[in-house]
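Visitor: Next come a sequence and a model predicted from it.
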Amino acid sequence: MYRLFIRTLLLLALPGLALASPDLSKLVQLVDYVGVDYRGAVQDGKIVNPAEYDEMRDFTRAIEEQIQQLPETINTANIHASARQLAQLVEQKRTPDTVAATAAELRHTLIGTFEIAVVPRMAPDLPRARQLFSDNCAACHGLTGQGNGIQARSMDPAPTDFTNGERYGQRTVYGLYSTISAGVGDTAMRGFTELSDEDRWSVAFLVGQMATTETARDAGKAALAAKAPASALADLQRFTVTTPDEAGAAYGNGGAEVMAYLRAHPESMFANAAPLDYARDTLAASLDAYRNGQRETAYKLAVAAYLEGFELVEHSLDTVDSELRAQVETEMTNYRNLLRNDNAINVVEDQATRVRQLLDEVSTRLSAEGSLSTGAAFASAFIILLREGLEAILVIAALAAFLIKTERRDAMLYLHYGWVSALLLGMATWIASMYLFDFSGAGRELTEGVGALVAMAVLFYVGFWMHSKTNAVQWKRFIDGSVQKALGTGTLWGLTGLSFIAVYREVFETILFYQALWVQADMPAQTMLVSGLGSGIAALVVLSWLILRYSTRLPLRQFFSATSIFMFVLAVVFAGKGIAALQEAGKLPLDPIDFPRIDLLGIYPNLQGLAVQGGLLMLAVLILWISGLKQRSAAA
């Protein structure tokens, strides 16, 4: 009965589908149905159900007509040939297995050619899916998915029995997800568009494993542990578009068992998902969303492809090919800008192809190096800590030198409160990111961006305050007795806040980068990661000592003047880094321009960041100029 209302829906949609521009996801769904339902029309070369057979012929004709409307690609000839072959096999009443194999081949070719998004962006949440199923599905399908819910008796056609082994063997998880998303017209099965994409995938995985047995799942787990050939099914892109029957045919008995285990334990495919695979899959999902007119979703996915995919291998790539790293960054930025500016689909597709080719090149380049080498592990760990920690050290050391020069060593405690609490919170963040929460790339960049801009504002103010004290009159008042007042409790707690922000924003990012390196390293490389971390800490300690030793030798007034300029410069650097982080998180636009990139100074070749930095520089120059005028006036 379920097959009947699916076919009825598709038959009613055939005229519109043939005339309209084809919806790729629905086209794949149609191909999937032919592969599954043909066996109910023909057996042993004879028609066993004439009505069903006529419907299969109509379906294959509609598939051919829709494929004729697809844009030209390098696989166009193969796709047309497969569609014709599928129609011919149905006309010739060939075996169901032959038809299913041809339909599967066509389905895979369409998905690969047009980069149709067929994978979830994160691990399905089965406990949540059970609650969603109970709330939304059990009334029809029953609590255990047997199609015997309290409302099932009055339904014609009857709800699907998800525990039916034969039908389970013929359905892909992607096919289930598509049905949950689109529903079935003129029936009680509606599309659950109010559920998030992640929730729909979770429910698809849940119902997709209801027909499995504990014995099969245990055997699949053992096959994966033994790295049997069927372990190849753990590739998410392959898994979601493969039926259990296809898995069994391709890999023997182990294939069906591995499929059963992975449907029941999808988290095993996400535990150590390769960042580049995630970047490619999410890029494909972004392009698919753009094709379907979902501009905002496409842009968010493009941001995720960078932040939660490519960015996690940037430091590893930097050690072997920094030019390729910069090229990928540029092309991914260009892709996001095309989405933001609503460019033509063919332009966006060409850019997505360029990005995908570059990601493939990155994969090849890193694979050629093997797993993270010990030298690369040490260098990456050392450089990351030195780069991320240097800004924080400069701020802390400058503030410490200021307190020492003003003979307020007692106030150093407030400075220590800030950076020590930042380190402690950083440790808590590391534990939480390992065991409690998944900090997304966007969340990381937002934290860094907002922290950098807050630090910029405070540093700019501190620089202005210090410079004001270099005025002769102001300097005399300051020295004659206002040190205690100028460094009252409120100001000291402000120093605590600045030292906290300066350190935590760097600790937060460093932790997540180290996690990405850790999963790419074998045991010897992990040892070198720890060594690189220790060496980086030692280098930062030495730098701090040098800054404190030599900066405090300056006469006090000259120290204030130099430190105020230094604070202005740091404010400009933090402004550039803060804007860049918010741009990477997709919260600010990014318009590239031809300008040098200097990471150390927070200078990036885009209009928005340079405009903010230029504005700050102009403001600083204006402040210095006005201050100079006042000093000359006072001297006169």
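Guide: Structure's in. What do you need?
Visitor: Next, count neighbours for the closest residue to Ser178 other than its chain neighbours.
Guide: Closest residue to Ser178 apart from its sequence neighbours, by CB to CB, 6 or more residues apart in numbering: Gln29 at 4.8 Å. In short, each C-beta sits where N, CA and C put it, glycine included. Applying other CB atoms under 10 Å, we find 21 residues neighbouring Gln29.
Visitor: Provide a list of residues in contact with Gln29.
Guide: Counting by CB atoms under 8 Å, 6 or more residues apart in numbering, Gln29 touches 175, 178-179, 182.
Visitor: wait, is it part of a strand?
Guide: No - with DSSP: H, G, I helix; E, B strand; the rest coil as the criterion, Gln29 is helix rather than part of a strand.
Visitor: What pLDDT is listed against it?
Guide: pLDDT, Gln29: 72.
Visitor: where's it relative to Arg171, distance?
Guide: 11 Å (CB to CB, to the nearest Å).
Visitor: do Gln327 as well
Guide: 42 Å.
Visitor: out of these two, which sits in the busier spot?
Guide: Arg171 (24 against 15).
Visitor: Tell me how far that one lies from Leu339.
Guide: 33 Å.
Visitor: Run through the stretch 501-636 of the chain and note the low-pLDDT ranges.
Guide: 509, 512-513, 515-523, 551-563, 585-586, 628, 630-636 (pLDDT under 70).
Visitor: now the stretch 151-300 of the chain
Guide: 184-187, 270-274.
Visitor: Check the stretch 301-450 of the chain too.
Guide: By pLDDT under 70, the low-scoring segments of the stretch 301-450 of the chain are 315-316, 319, 366-374, 376, 391, 406, 431-448.
Visitor: now do 90
Guide: By pLDDT under 90, the weakly predicted segments of the stretch 301-450 of the chain are 301-326, 329-330, 333, 337, 340-342, 359-450.
Visitor: can you map out the strands along it?
Guide: For the stretch 301-450 of the chain, no strands are identified by DSSP state E, counting those that start in this stretch.
Visitor: what about Thr160, distance to Gln131?
Guide: Distance, Thr160 to Gln131, by CB to CB: 20 Å.
Visitor: So between these two, which is more surrounded?
Guide: Thr160 (23 against 11).
Visitor: Which strand or helix spans the more buried one?
Guide: Counting by DSSP states H and E, no helix or strand carries Thr160.
Visitor: same question, Glu246
Guide: helix 244-251.
Visitor: now for that helix, which elements pack on it?
Guide: helix 96-114, helix 253-264 (3 or more CB pairs under 8 Å, 6 or more residues apart in numbering; DSSP states H and E).
Visitor: buried residues in the next helix or strand after the last one?
Guide: What that stands for is helix 253-264. Using DSSP H and E, the helix or strand that follows helix 253-264 towards the C-terminus is helix 275-291. For helix 275-291, the neighbour count (16 or more other CB atoms under 10 Å) marks 275-291 as buried.
Visitor: ok, now stretch 91-101?
Guide: Buried residues in stretch 91-101 (16+ other CB under 10 Å): 93-94, 96, 99-100.
Visitor: And these, which is closest to Val119?
Guide: Among the buried residues of stretch 91-101, Ala100 lies closest to Val119 (CB to CB), at 22.1 Å.
Visitor: Please report how far that closest one lies from Glu323.
Guide: Taking CB to CB, one finds Ala100 at 47 Å from Glu323.
Visitor: swap in Gly208?
Guide: For Gly208 relative to Glu323 (CB to CB), the value is 44 Å.
Visitor: Name the residue in these two with the higher neighbour count.
Guide: Legend: neighbour count by other CB under 10 Å for Gly208 and Glu323, higher for Gly208 (27 against 9).
Visitor: That one is in contact with Leu176, isn't it?
Guide: Yes - counting by CB atoms under 8 Å, Leu176 is a contact partner of Gly208 at 5.3 Å.
Visitor: need the contact list for Leu233.
Guide: Here Leu233 is in contact with 239, 242, 247, 251, 255, 258-259, 262 (CB under 8 Å, 6+ apart).
Visitor: Need those residues in JSON lines (columns: neighbour count and distance to Glu296).
Guide: Output for the contacts of Leu233, formatted as JSON lines (neighbours: other CB atoms under 10 Å; distance: CB to CB, whole Å):
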{"residue": "Phe239", "neighbour count": "22", "distance to Glu296": "28"}
{"residue": "Thr242", "neighbour count": "23", "distance to Glu296": "31"}
{"residue": "Ala247", "neighbour count": "25", "distance to Glu296": "36"}
{"residue": "Tyr251", "neighbour count": "21", "distance to Glu296": "40"}
{"residue": "Gly255", "neighbour count": "24", "distance to Glu296": "39"}
{"residue": "Val258", "neighbour count": "30", "distance to Glu296": "37"}
{"residue": "Met259", "neighbour count": "30", "distance to Glu296": "35"}
{"residue": "Leu262", "neighbour count": "29", "distance to Glu296": "32"}
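Visitor: about what we covered before: now distance to Arg153 too, for the helices and strands packed on helix 244-251, in CSV please.
Guide: Shown next, in CSV, are the helices and strands packed on helix 244-251 (distance: least, CB to CB, whole Å):
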stretch, distance to Arg153
helix 96-114, 31
helix 253-264, 29
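Visitor: Out of those, flag the one nearest Ala77.
Guide: Using CB to CB, those put helix 96-114 closest to Ala77, at 10.9 Å.
Visitor: Check which element follows that closest one along the chain.
Guide: Beyond helix 96-114 toward the C-terminal end (DSSP H and E), the next one is helix 126-136.
Visitor: avg pLDDT for whichever helix or strand comes after that next one?
Guide: Going down the chain from helix 126-136, the next helix or strand is helix 138-141, by DSSP H and E. Averaging pLDDT along helix 138-141 gives 89.
Visitor: State the next helix or strand along the chain beyond helix 138-141.
Guide: That would be, after helix 138-141 and using DSSP H and E, helix 165-168.
Visitor: what's that following helix in contact with?
Guide: 36, 160-162, 208, 210-212, 244.
Visitor: If we go by neighbour counts, what in that helix is buried?
Guide: 167-168.
Visitor: Please compute how far it lies from its chain's middle.
Guide: Averaging C-alpha positions (CA atoms, centre = their mean, to the nearest Å) puts helix 165-168 34 Å from its chain's average.
Visitor: And for stretch 321-341?
Guide: 15 Å.
Visitor: and Gln357, how far is that from Gln237?
Guide: 17 Å.
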